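Chemist: Model the structure of this input:
(2 chains)
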Amino acid sequence: MEYFLIIISAIFVNNIVLAQFLGICPFLGVSNKLSTATGMSMAVCFVITLATLVTYLINQYLLVPFGITFLQTIAFILVIAALVQMVEIVLKKVSPSLYQALGIFLPLITTNCAVLGVAINVVTKEFAFVPGGMLNLGQALVYAFATSLGYGLAMVIFAGIREHLALNNVPKAFKGVPIAIISVGILALAFMGFSGMVK
Amino acid sequence: MSNKFKLITDGLVKNNPTFVLLLGMCPTLATTTSAINGLSMGLATLFVLVLSNMAISAIAPVVPDKVHIPVYIVVIATFVTLLQFLMQAYTPAMYETLGLFIPLIVVNCIVLGRAEAFANKHGVLESACDGLGVGLGFTCSLTVLGLVREILGSGSVFGFNFIGGNDGMLAFVMAPGAFLCLGYLMVLFNKYLKKN
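Modeler: The predicted structure is shown next:
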């Protein structure tokens, strides 16, 4: 039951872009075309889930036992940066076609605050619908994966809107980013309809 | 002297991080639920920006080119951890309110962006001025956005309620209001402040 609640909450109610404001830069940057938006979402999904697995274990078995949780920020960002580099090297060797698809998006992900945000969230945030409040490893992975699905959902919807927006004639001062951000606002209004579904 | 002064003023309008360079969007949207929250987030970023700019400009000549990004990130993360300690000690309430977005200053593109674009080619003093200018620009934008959202959303200015009761438009304190306000403020900025 709590797995279901975690998934619904992470995708719709607390959508990472539209309710938590994480990963806005790449969200605005690569949502011009539907195809690049899908590529970026896949890369983010992959890295967020993997990074959460590694940072959760490091926190549990290294930082907590030695009482150095204040090093969380430094440790996590280093792990994520190293992980992204490693994923890039491994993918290049193992699956060139996937590397081709994710290629240019991978290096961008290190500075995507969604990755660090989710990694910190799963080890510090309390969840009301989970017994005990803190996520265990399985729940953390489900949460990370569902959150990145929410990222993909928002990204693909927004890319679809933006492709239509490009064909319209908007006033000069609104051109480009301002009209895009206002559209995200209206999209966020629609997602506000989900709030209250899961506490 | 005028050169350094220009570096500071450039950050306010010409290189404004929020409205012109479009950097650091996440904290801009997330922490501006009220003017005081926006101001605090801006000052926190300013603190990290000035110190990391100074440190990076000092060590840049001896850092090998291949590993410069990881080195810069560690330097920035160190100052962010320092800031976390300071805020936990002196402003615990604000530390709770800003929550996740204090550690996330590490991945704020403004900080790494200034390190790459300015600090590694200039002296310590110029880099400090540049950090101060960009940081002040960021602080101003966040305070203005927070002020607008607070007036519309809860009918108060810096916590002082002026309409009586709690009759604000709640949506402006929540997520959609953040995007809408920022979008319209950008439109106004483009129309009246941006040259050309």
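
Chemist: Would you map the strands across chain B?
Modeler: B:156-157, B:160-161 (DSSP state E).

Chemist: Is any residue of stretch A:192-199 near chain B?
Modeler: Yes: using CB under 8 Å from any CB of the partner chain, stretch A:192-199 reaches chain B at residue A:192. Bear in mind the C-beta positions are built from the backbone N, C-alpha and C, glycine included.

Chemist: Tell me which of the strands of chain B sits most buried.
Modeler: Most buried of the strands of chain B by mean neighbour count (mean count of other CB atoms under 10 Å in any protein chain shown) is strand B:156-157; its value is a mean of 15.

Chemist: Pairing partners for that strand, with directions?
Modeler: Partners of strand B:156-157 in the sheet, by DSSP bridges, are strand B:160-161 (antiparallel).

Chemist: who's in contact with the strand it pairs with?
Modeler: Under the criterion CB atoms under 8 Å, 6 or more residues apart in numbering or on different chains, residues B:154-155 lie in contact with strand B:160-161.

Chemist: Would you mind confirming that residue A:74 is in contact with residue B:78?
Modeler: Yes: the criterion here is CB atoms under 8 Å, and residue A:74 meets it with residue B:78 at 6.8 Å.

Chemist: Listing request: residues of the chain with sub-threshold pLDDT.
Modeler: Unless you meant another one, I'm taking chain A. Residue ranges of chain A with pLDDT under 70: A:102-104, A:111, A:199.

Chemist: actually it's chain B I care about, not the one you picked
Modeler: B:1-2, B:164-167, B:194-196.

Chemist: Report the buried residues of the biggest helix by length in chain A.
Modeler: If you go by DSSP state H, chain A has its longest helix at helix A:137-165. Residues A:139-159, A:161-162 are the ones in helix A:137-165 that count as buried (16 or more other CB atoms under 10 Å in any protein chain shown).

Chemist: which other helices and strands contact that helix?
Modeler: helix A:2-8, helix A:24-29, helix A:34-58, helix A:113-124, helix A:177-192 (3 or more CB pairs under 8 Å, 6 or more residues apart in numbering or on different chains; DSSP states H and E).

Chemist: 7 Å instead, please
Modeler: helix A:2-8, helix A:34-58, helix A:113-124, helix A:177-192 (3 or more CB pairs under 7 Å, 6 or more residues apart in numbering or on different chains; DSSP states H and E).

Chemist: how far off helix A:113-124 does it point, in degrees?
Modeler: 150 degrees (axes from the mean of the first three to the mean of the last three CA atoms, to 10 degrees).

Chemist: Quick one: distance of helix A:137-165 to the chain centre.
Modeler: Offset of helix A:137-165 from its chain centre (CA atoms, centre = their mean, to the nearest Å): 7 Å.

Chemist: do the same with stretch A:8-17
Modeler: 10 Å.

Chemist: So for that stretch, first residue to last residue, what's the gap.
Modeler: 15 Å (CA to CA, to the nearest Å).

Chemist: got a list of contacts for that stretch?
Modeler: Residues from elsewhere that reach stretch A:8-17 (CB atoms under 7 Å, 6 or more residues apart in numbering or on different chains): A:20, A:22-24, A:27, A:114, A:143, A:146-147, A:149-151, A:153-154, A:191, A:194-195, A:197-198.

Chemist: how about a cut-off of 6 Å?
Modeler: A:20, A:22, A:27, A:114, A:143, A:146-147, A:149-151, A:154, A:191, A:194, A:197-198 (CB atoms under 6 Å, 6 or more residues apart in numbering or on different chains).

Chemist: And for stretch B:77-97?
Modeler: In this structure, residues lying in contact with stretch B:77-97 by CB under 6 Å, 6+ apart are A:73-74, A:77, B:40, B:47-48, B:51-52, B:102, B:105-106.

Chemist: Adding distance to residue A:124 and neighbour count, write those residues out as TSV.
Modeler: Shown next, in TSV, are the contacts of stretch B:77-97 (distance: CB to CB, whole Å; neighbours: other CB atoms under 10 Å in any protein chain shown):
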residue	distance to residue A:124	neighbour count
A:73	11	23
A:74	15	18
A:77	15	27
B:40	20	23
B:47	22	19
B:48	20	24
B:51	25	20
B:52	24	27
B:102	12	25
B:105	16	27
B:106	15	25
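
Chemist: Go through those and name the one nearest residue B:158.
Modeler: Distance from residue B:158 was checked for each of those by CB to CB. The minimum falls on residue B:40, at 11.6 Å.

Chemist: a markdown table for the helices and strands packed on helix A:137-165, including mean neighbour count?
Modeler: Formatted as a markdown table, the helices and strands packed on helix A:137-165 follow (neighbours: other CB atoms under 10 Å in any protein chain shown):
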| stretch | mean neighbour count |
| --- | --- |
| helix A:2-8 | 16 |
| helix A:34-58 | 20 |
| helix A:113-124 | 24 |
| helix A:177-192 | 20 |
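
Chemist: I'd like the ones you listed written out as a markdown table, with distance to residue B:69 added.
Modeler: Below are the helices and strands packed on helix A:137-165 laid out as a markdown table (distance: least, CB to CB, whole Å):
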| stretch | distance to residue B:69 |
| --- | --- |
| helix A:2-8 | 34 |
| helix A:34-58 | 17 |
| helix A:113-124 | 15 |
| helix A:177-192 | 26 |
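
Chemist: same for the lengthiest helix in chain B, what does it pack against?
Modeler: Longest helix in chain B, counting residues (DSSP H): helix B:124-154. Judged by 3 or more CB pairs under 6 Å, 6 or more residues apart in numbering or on different chains; DSSP states H and E, helix B:124-154 is in contact with helix B:2-12, helix B:35-59, helix B:175-192.

Chemist: Next, the buried residues of that helix.
Modeler: In helix B:124-154, counting by 16+ other CB under 10 Å, buried: B:126-154.

Chemist: From the chain's centroid, how far away is that helix?
Modeler: 5 Å.

Chemist: And stretch A:44-53, by the same measure?
Modeler: 9 Å.
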